[in-house]
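Peer 1: Here is a sequence with its predicted model. Questions after.
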Amino acid sequence: MLGKDYAGQNCSIAGTLELVGERWTLLILRDAFLGIRRFDEFQRNLGVARNVLQSRLERLVDEGILRRARYQERPERFEYRLTRKGVDLWPILVALMKWGDKYAAPHGPPVVLHHAGCGGELDDHRICTVCGKPVEANESEPGLGPGALPGQDRPGAPVAA
């Protein structure tokens, strides 16, 4: 049986998996990049059990990938925001998305990333295909791609049943 960690592995990939390799964690990060901030929004979008979501969010906060920001005092409620450390995961998520577009999306990409500056699509290296500029996370906008399903109203959204 596989252990719960990668003790004894002197490997940066193993170290990264320790932080973001649990089931649901990368989808939580995907949603954070898509602008989801609040617990109930994550839960509604992902359909994950509340206790699992709470555990993953706490771990991401503890590791400095997300931070909690209070948005309501009574009752006290918090949003989850990406930190610099979290934003630095954007190239990894884009690479996973592009790989999935190529090998796991038979009807085409469900989400397409655009350069907010000029509207051009981003290539596999996060370069705008129109202006040639390298694009950072805060300069990109997700849109529905040709592989989006009927009933999907925004990138990353569940499809209405």
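Peer 2: Cool, got the structure.
Peer 1: neighbours around the residue nearest to E139 when sequence neighbours are not counted, how many?
Peer 2: Closest residue in space to E139, ignoring its immediate chain neighbours: A116 at 5.3 Å, by CB to CB, 6 or more residues apart in numbering. Just so you know, the C-beta spots here come from the backbone N, C-alpha and C atoms, and that holds for glycine as well. For A116, the count of nearby residues is 13 (other CB atoms under 10 Å).
Peer 1: Name all residues that make contact with A116.
Peer 2: Residues in contact with A116, defined by CB atoms under 8 Å, 6 or more residues apart in numbering, are 139-141.
Peer 1: Now Q54: closest residue in space that isn't a chain neighbour?
Peer 2: Looking at Q54 with CB to CB, 6+ apart, the closest residue is F39, at 7.6 Å.
Peer 1: Buried subset of the contacts of A116 as a PyMOL selection?
Peer 2: Here is the PyMOL command that selects the buried residues among these (16 or more other CB atoms under 10 Å):
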select buried, resi 139+140
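Peer 1: tell me what the helix or strand harbouring S55 is packed against?
Peer 2: Using DSSP states H and E, S55 sits in helix 50-62. Judged by 3 or more CB pairs under 8 Å, 6 or more residues apart in numbering; DSSP states H and E, the packing partners of helix 50-62 are helix 25-33, helix 39-46, strand 66-72, strand 77-82.
Peer 1: quick one: which of the contacts of A116 is nearest to T129?
Peer 2: Nearest to T129 among these is S140, at 12.6 Å by CB to CB.
Peer 1: wouldn't that closest one be in contact with V112 here?
Peer 2: No: contact criterion CB atoms under 8 Å: S140 and V112 do not qualify, at 10.2 Å.
Peer 1: who touches stretch 27-37?
Peer 2: Contacts for stretch 27-37 (CB under 8 Å, 6+ apart): 20, 41-42, 45-46, 48, 53, 56-57, 60, 65-66, 79-82, 86, 89-90, 93, 137, 142, 154-156.
Peer 1: how about it: buried residues?
Peer 2: Result for stretch 27-37 [16+ other CB under 10 Å]: buried residues 27-33, 36-37.
Peer 1: Stretch 85-100 too?
Peer 2: Neighbour-count burial for stretch 85-100 [16+ other CB under 10 Å]: 86-87, 89-90, 93-94, 97-98.
Peer 1: do stretch 138-157 as well
Peer 2: Under 16+ other CB under 10 Å, the buried positions of stretch 138-157 are 139-140, 142, 144-145, 147-148, 152, 155-157.
Peer 1: With stretch 67-83 instead?
Peer 2: Those would be 78-80, 82, for stretch 67-83 by 16+ other CB under 10 Å.
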